[in-house]
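>>> Next comes the sequence, and after it the predicted model I'd like to discuss.
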Amino acid sequence: MMKKSAALFLAFLLCCMACLPALAEDAPAENAGKTARDMFIDSIIETGRTLYVKANGKLQRAQYASDISVCKNFTVHVFRENCARFRMAEYPDTALTIPNNLPAKECKPRAYGYCWEDVPAEEGNPFYVAAQFLYDSSLSKKENMEKALEFMRQVRRGDYFQMSAQYYYGTGAHSAIMISDYDPDANTVHWMDSNMAGEKRNGVRYGKVQFDAVKDISWWAEAFCKKTRGATIYRLRDDIILSEKSTESN
């Protein structure tokens, strides 16, 4: 009886050991076929979704420089929470960084907020300008709008969107992250952001965290298609790789 039990136990152990390679292969299944760039974008979007869920529809303080619910702070935060795992193949030893908005005095004669500082890739900036719209006063309003709409059709998943706008929610700079490609059938884009909408309480600003917000591209175009204003689409380079330290830790 003891021998039979031992034999059954041994058979059970062998069966479990045979399953281990398969389980190990299944663990990274969700990343199968994905590039490091895809994984970076996925992690940024997932962090944004987590912040949205955590907010649970409640407005978050967006008044001070340390508040991550300020629009630019939100986009920077979700980048910094995930960038340590990644590098650029061209500069594998350089940690990734995200540029600040271009200072107001350097934006002149345009309004502040339509673009970032021009930080070179060798200093860690993994983004490049994929498209840009700047209002052209030599053209008609209609012609400018056509260009603004064509600009919005360039949106791709993972793009960082920066604009100087004048619209329903207010006037000034706004930052957002696009979470899907432009949808030509619906003529829409989907994004996540913070503090596009909000309110002041006792002089302190509180902003709404949004995830999978959706609007027709004309809604966006009308916001920044104004004299002195504009918008820029920043896109991650194609040569994003996993950092060696990240690979070693795994």
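Nice, thanks for sending it over.
>>> Just give me the residue right at the centre of this protein.
Centrality entry for the chain: nearest residue to the mean C-alpha point is I177, 4.0 Å, by C-alpha atoms, centre = their mean.
>>> and that one, bridged to which residues?
Under the criterion DSSP bridges, I177 forms beta bridges with Y160, M192.
>>> From S138, how far off is it?
When C-beta to C-beta, to the nearest Å is the yardstick, I177 and S138 sit 32 Å from each other. Glycine gets a C-beta too; all of them are placed from N, C-alpha and C.
>>> Ok, F211 next?
Relative to S138, F211 is positioned 39 Å away (criterion: C-beta to C-beta).
>>> ok, those two, which is more surrounded?
Between F211 and S138, counted using other C-beta atoms under 10 Å, F211 has the larger neighbour count: 19 against 6.
>>> Quick check: which element contains that one?
Element membership for F211, per DSSP states H and E: strand 204-216.
>>> Partner strands of that strand and their direction?
Taking DSSP bridges, the sheet neighbours of strand 204-216 turn out to be strand 60-61 (antiparallel), strand 188-201 (antiparallel).
>>> Give me the contact list for that strand.
Outside strand 204-216, the residues that touch it by C-beta atoms under 8 Å, 6 or more residues apart in numbering are 48-49, 51-53, 55, 59-63, 69-71, 74, 179, 186-200.
>>> Please apply the same query to stretch 61-69.
Stretch 61-69 is contacted from outside by 51, 60, 70-71, 73-74, 77, 194-195, 198, 204-207, 209, using C-beta under 8 Å, 6+ apart.
>>> can we see that at 6 Å?
Around stretch 61-69, the neighbours that count as contacts under C-beta atoms under 6 Å, 6 or more residues apart in numbering are 60, 70, 74, 77, 194-195, 204-207.
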